[in-house]
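Visitor: Build me a model from this:
(chains A, B and C, ligands or ions: 5)
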Amino acid sequence: MMDVGRHPKINLLAYSEIEEITGYIGNFHVKVRKKARYVDEKACTACDECVKVCPVVMPDEHQLGLSTRKAIYMPFAQAVPASYLINMEDCLGNNPIACDKCAEVCDPKCIDFDQQDEFVEFDVGVAIVATGMYVCDPTILDEYRYTKYENVITSWEFEILTGPGYVTKGELLRPTDRKPPKNIAFIQCVGSRSEKRGNPYCSNICCMNTVKDTLFLKEHHPEIDCSVFYMDIRSFGKGYEELYKRSKAVGVKYIRGIPGDIVEDPKTKNLIVTVENTTTGKIEKHEFEMVVLSIGVIPRPETEQIQRALTLSKAPCGFLMETHYQLDPIDSPTGGVFLAGCCESPKDIKSSVIQASGAASRAETLLTTGKVKVEAITSTIIPDMCKACGICADACPYGSITVDRKAKTPAVVVEAACKGCGTCGAECRFDAIEMKHFTDRQIMAMIDAMFEEKPEEKICIFACNWCSYGGADLAGLSRMQYPPNGRIIRTMCSGRVDEKFIWHAFKKGAPVVLVSGCHFADCHYINANRWTQKRIEGMWNKLERKGIRPKRLQLEWISAAEAVKWTKVMHAVEDLRKTVTKEEIEETKKILSDKKKG
Amino acid sequence: MAEEVTFKCLRCGYEFKGTYDRKVPEERECPKCGSNSIRPLPKKKEK
Amino acid sequence: MAEELRIGVFVCECGINIAGTVDCDGLTEWAKTLPDVVFAIKNRYTCAEPGQQEIKQYIKEENLNRVVVASCTPRMHEPTFRRCCADAGLNPYLFEMANIREQCSWVHSDRKQATQKAKDIVKIAVAKARLLESQKELEVPVTQAALVVGGGIAGIQSSLDLADAGYQVWLVEKEPTIGGLMSYINKTFPTMD
Ligand code: SF4
Ligand code: SF4
Ligand code: SF4
Ligand code: SF4
Ligand SMILES: [Zn+2]
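Guide: Ligands and ions are numbered 1, 2, ... in the order given. Reported below is the predicted structural model:
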């Protein structure tokens, strides 16, 4: 940590928030708000004189309010930067007549009540997101009465109460009587692994954290009796199982079963824990002086802001999404942005450090190469056709297009920022956007070729490169069998599928058209497939109005892993195709050529 | 604005009620057959 | 650009992976009848060295200006064949792939139907190939500095790695100090220090 503060190549902006990030791979512009500390970071010598005179005593948030700090303070002894700051909400001295005591005693005169938030702007080529995690809220599991009984604490509070920074200097005292507890229980999976409350996922670190806590207690206070209630202990890392065994060997009791309820004895303030011991199958009652809830973790709430600024995606669990689970676990979907640590998934320190070094190395590859190539599948505006309606700018998930609606000047694409999803091309109603390598003309010609012969036997399928096309490939790899009537046109994203392609297919005699893309959570272009759904919903209404059965246009979200779903859909669309007669097709063709174009 | 609508599965025909907001697209799946071809039926004009 | 189109189709047998279900000889002969296709040939393994050599050789000998390979998924070998075309002096964007393995020979067993579908797949690919255009990939410079958001254990590690490699790092932390959750923890597993 100290090294960061000292490193000549690192500009540390602490107490700062990202205001805005614009740009694209290789060229990001960053705007940061550096919040006022009211103490000159560089001049402060950390003499602590100011703290002695400050009359304001506040709960210390760095200690979860378990101890106190003054209005002027240093978060903790080894803080980097090693500078004090004033919390202006607590300070009396905004008006110097009111207090001003610290400024009087401060020898280097580094206290400045008029300091303002500062904005710092700079350019970078790459970004690493390492926004970390936070603990989840223990009140959702009300049967443990966390808010009611003082002697029920969270594992996080345990960490602080036993930490060297706490007043007791590592001595664990029970909250109600400030005496060391005789016995203590840990309850695992609080807020984790539950479909109903808290989070469905395993938080990964809590089992080992509890094992560690019990060993810590046993080392310092062998007389404290420790019990752990658990579903199963997940000790999967190197040296972890050994640690677990050690904990059992020193006498920590592991009881399989998650308690249903905790009741406090009003006299002793002891806690009666009721649990179904799943090893014996019996309901048991245990009495403890203290209970620690081993709470799960969640992504740091502030991550959302960064997610938006850098157009990252979130997995259903709330953690940031990597490009590929196994093969690309560090790259984010935005070029030049990498993920490190717990913002990607809950993990222990070792894994965080590994991923962080991995992210640095991925970033260095780009920096060292000095330039990046952008695949030539980007969008191009045809200025003469553009009416400056601005729809493309709204549609682009990456904000790569700007349109000045007032000035009526044609849209402008930043090619380096465009990922080539084609959503803008499909949304533009004036054919003013051409997608390189996936042009309208090419796709229309593919539809023509598809329906040249026996159109009534074929199903026109649009599949997005990343998910549904991948699902189809996996079905092949797994040698699943399905009817041979589908004909696939690959697009990068389902967002590319222009209404006019679908009309064209029906005009050419398509009995059924299927548009398939990624599930919402997997969209490789953040949210481009939302536009697909909107478009298809609109098409269903238009088809109905024209007297064409809407169901002949099908929509499916199929991931690259869902070979089974792909196969099922292939059967379903073939069953549907069989219901479309030659007469119906002729009728459709007539409807579509009679009236003005689609 | 979210409104109550009837959704119709365009694969199996199953109909069900739910809230729909054009501005906030949500992934939908037929509770019966699992299809994503879920059409929010347009409101019939009241007389 | 009234350049005459000269499309070459390379049909891959992939051993018996494709040839087992699709009549590759018939497909190759039939491909020659497609518009602007001036050349078609069958290979045993197109992606193997001899197969790639053949593509390069015929691009030159037959003056091909569009190449269609009917084989496996572009998600696997598109980069391979694009490079192969580029080596022979053809713009890599003048290459198109027809997936007759994952999406045809492997998922169907009726030889007649599979061959029929493979023909359609090749026809559709040729239709696209006729309209392909050369593309130039944009190259953008990379600003020699990095942003790290978050000064916890991961952010610190990334920053130090990058800075030690000589790059300018901007480390942005929301709290008044770096250290993140780590700074609260008193002992760590499994070393208990
Ligand atoms: S001015 Fe504020 S920070 Fe300084 S001593 Fe007074 S209350 Fe404390
Ligand atoms: S959608 Fe089309 S017409 Fe509208 S601004 Fe974009 S390019 Fe121009
Ligand atoms: S193709 Fe996609 S990423 Fe590129 S400008 Fe259009 S909408 Fe944006
Ligand atoms: S190109 Fe594809 S289909 Fe042909 S041999 Fe190689 S892997 Fe098999
Ligand atoms: Zn259904």
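
Visitor: Ignoring the adjacent residues along the chain, who's closest to A:Asp265?
Guide: Nearest non-adjacent residue to A:Asp265, counting by C-beta to C-beta, 6 or more residues apart in numbering or on different chains: A:Ile272, 6.5 Å away. Quick note: C-beta positions are derived from backbone N, CA and C, even for glycine.

Visitor: Can I take it that that neighbour is in a helix?
Guide: No: the assignment for A:Ile272 (DSSP: H, G, I helix; E, B strand; the rest coil) gives strand, which keeps it out of a helix.

Visitor: Who is it paired with across the strands?
Guide: Under the criterion DSSP bridges, A:Ile272 forms beta bridges with A:Val263, A:Glu287.

Visitor: Could you report the neighbour count for it?
Guide: Other residues near A:Ile272 come to 14 when the count uses other C-beta atoms under 10 Å in any protein chain shown.

Visitor: A:Gly260 is in contact with that one, correct?
Guide: No: between A:Ile272 and A:Gly260 there is no contact under C-beta atoms under 8 Å: 11.7 Å.

Visitor: Now A:Ser332, what are its backbone angles?
Guide: Main-chain torsions, A:Ser332, degrees, to the nearest 10: phi -90, psi 170.

Visitor: now it: how far from A:Ser357?
Guide: Distance from A:Ser332 to A:Ser357, counting by C-beta to C-beta, to the nearest Å: 17 Å.

Visitor: Tell me which of those two has more neighbours.
Guide: A count of neighbours by other C-beta under 10 Å puts A:Ser332 above the other of A:Ser332 and A:Ser357, at 25 against 18.

Visitor: Which neighbouring elements make contact with whichever strand or helix holds A:Gly471?
Guide: In the assignment (DSSP states H and E), A:Gly471 maps to helix A:468-477. Under the contact criterion of 3 or more C-beta pairs under 8 Å, 6 or more residues apart in numbering or on different chains; DSSP states H and E, helix A:468-477 touches strand A:486-491, helix A:563-578, helix C:74-87.

Visitor: Which single residue in chain C comes nearest to ligand 5?
Guide: Nearest residue of chain C to ligand 5, counting by C-beta to the ion: C:Val107, 24.0 Å away.

Visitor: Disregarding residues adjacent in the polypeptide, which is nearest to that residue?
Guide: C:Val107 sits nearest to A:Gly476 (C-beta to C-beta, 6+ apart), 5.3 Å away.

Visitor: Please apply the same query to A:Ala79.
Guide: Per C-beta to C-beta, 6+ apart, closest to A:Ala79 is C:Thr177, 3.7 Å.

Visitor: picking up where we left off before, residues contacting the residue nearest to C:Val107?
Guide: The contact partners of A:Gly476, by C-beta atoms under 8 Å, 6 or more residues apart in numbering or on different chains, come to C:73, C:101-103, C:106-107.

Visitor: now A:Glu574
Guide: Contact partners of A:Glu574, counting by C-beta under 8 Å, 6+ apart, are A:459, A:482-483, A:485-486.

Visitor: And for C:His108?
Guide: C:His108 touches A:481-482, A:484, C:21, C:114, C:117, counting by C-beta under 8 Å, 6+ apart.

Visitor: Just the closest of these to B:Pro40, please.
Guide: A:Tyr482 (29.4 Å; C-beta to C-beta).

Visitor: For the spatially closest residue to that closest one that is not a sequence neighbour, grab the count of nearby residues.
Guide: The shortest distance from A:Tyr482 to any non-neighbouring residue, by C-beta to C-beta, 6+ apart, is to A:Met570 (3.8 Å). Other residues within reach of A:Met570, judged by other C-beta under 10 Å, total 23.

Visitor: follow-up on the earlier one: between the contacts of C:His108, which sits nearest B:Cys12?
Guide: Checking these against B:Cys12 with C-beta to C-beta, the nearest one is A:Tyr482 at 18.4 Å.

Visitor: name the element that closest one belongs to?
Guide: A:Tyr482 belongs to no helix or strand when assigned by DSSP H and E.

Visitor: Tell me the spacing between it and A:Ala463.
Guide: A:Tyr482 is 14 Å from A:Ala463, by C-beta to C-beta.

Visitor: doesn't A:Pro483 make contact with the residue of chain C closest to ligand 5?
Guide: No: using C-beta under 8 Å, C:Val107 is not in contact with A:Pro483, being 9.4 Å away.

Visitor: quick one: which of these two has more around it?
Guide: Neighbour tally, C:Val107 and A:Pro483, criterion other C-beta under 10 Å: the higher count belongs to C:Val107, 27 against 17.

Visitor: quick one: pLDDT of that one?
Guide: pLDDT, C:Val107: 97.

Visitor: How about the secondary structure of it?
Guide: Relying on three-state DSSP, one would call C:Val107 coil.

Visitor: what domains does the record give for the chain?
Guide: Chain wasn't specified; assuming chain A. Listed by automatic domain parsing, the domain ranges of chain A are A:2-127, A:134-298, A:299-369, A:374-437, A:439-595.

Visitor: try again with chain C
Guide: Using automatic domain parsing, chain C is parsed into the domains C:7-131, C:145-184.

Visitor: Say whether ligand 4 is contacted by the first one.
Guide: Yes: Domain C:7-131 lies in contact with ligand 4 when judged by C-beta under 6 Å from any ligand atom; the contacting residues are C:12, C:14, C:17-18, C:45-47, C:71-72, C:77, C:101.

Visitor: ok, the residue nearest to A:Asp265 - contacts?
Guide: A:262-265, A:285-287.

Visitor: same deal with A:Ser357?
Guide: When contacts are counted by C-beta under 8 Å, 6+ apart, A:Ser357 touches C:157-158, C:161.

Visitor: okay if I get the residues you listed as TSV plus pLDDT?
Guide: TSV is the format used below for the contacts of A:Ser357 (pLDDT from 0 to 100):
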residue	pLDDT
C:Gln157	96
C:Ser158	97
C:Asp161	97
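
Visitor: Could you check how far the residue in chain A that ligand 5 sits nearest to is from ligand 3?
Guide: Residue of chain A nearest ligand 5, by C-beta to the ion: A:Ala572 (9.3 Å). Distance of A:Ala572 to ligand 3, computed by C-beta to the nearest ligand atom, to the nearest Å: 30 Å.

Visitor: Count the residues that sit near the nearest residue in space to C:Gln157 that is not next to it in sequence.
Guide: Leaving out its chain neighbours, the residue that sits closest to C:Gln157 by C-beta to C-beta, 6+ apart is A:Ala356, at 3.6 Å. Residues near A:Ala356, counting by other C-beta under 10 Å, number 29.

Visitor: A:Ala356 touches C:Gly151, doesn't it?
Guide: No: contact criterion C-beta under 8 Å: A:Ala356 and C:Gly151 do not qualify, at 11.6 Å.

Visitor: Which residues are in contact with each of the two?
Guide: With C-beta under 8 Å, 6+ apart as the test, A:Ala356 and C:Gly151 both reach A:Ala130.

Visitor: Dump the C-alpha coordinates for stretch A:136-152 into CSV.
Guide: Coordinates of each C-alpha in stretch A:136-152 appear next as CSV, following Å, rounded to 0.1, in the frame of the first residue of the first chain:
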residue,chain,number,x,y,z
CYS,A,136,-24.8,-7.9,2.2
ASP,A,137,-27.5,-6.8,4.6
PRO,A,138,-28.1,-9.3,7.5
THR,A,139,-31.5,-8.0,8.3
ILE,A,140,-33.1,-9.9,5.4
LEU,A,141,-32.9,-13.0,7.5
ASP,A,142,-35.0,-11.8,10.4
GLU,A,143,-35.1,-15.1,12.3
TYR,A,144,-31.6,-14.2,13.5
ARG,A,145,-32.8,-11.0,15.0
TYR,A,146,-29.7,-9.1,14.1
THR,A,147,-31.3,-5.8,14.7
LYS,A,148,-32.9,-6.8,18.0
TYR,A,149,-30.2,-8.7,19.9
GLU,A,150,-26.9,-7.0,20.6
ASN,A,151,-25.0,-10.2,20.9
VAL,A,152,-25.8,-11.2,17.4
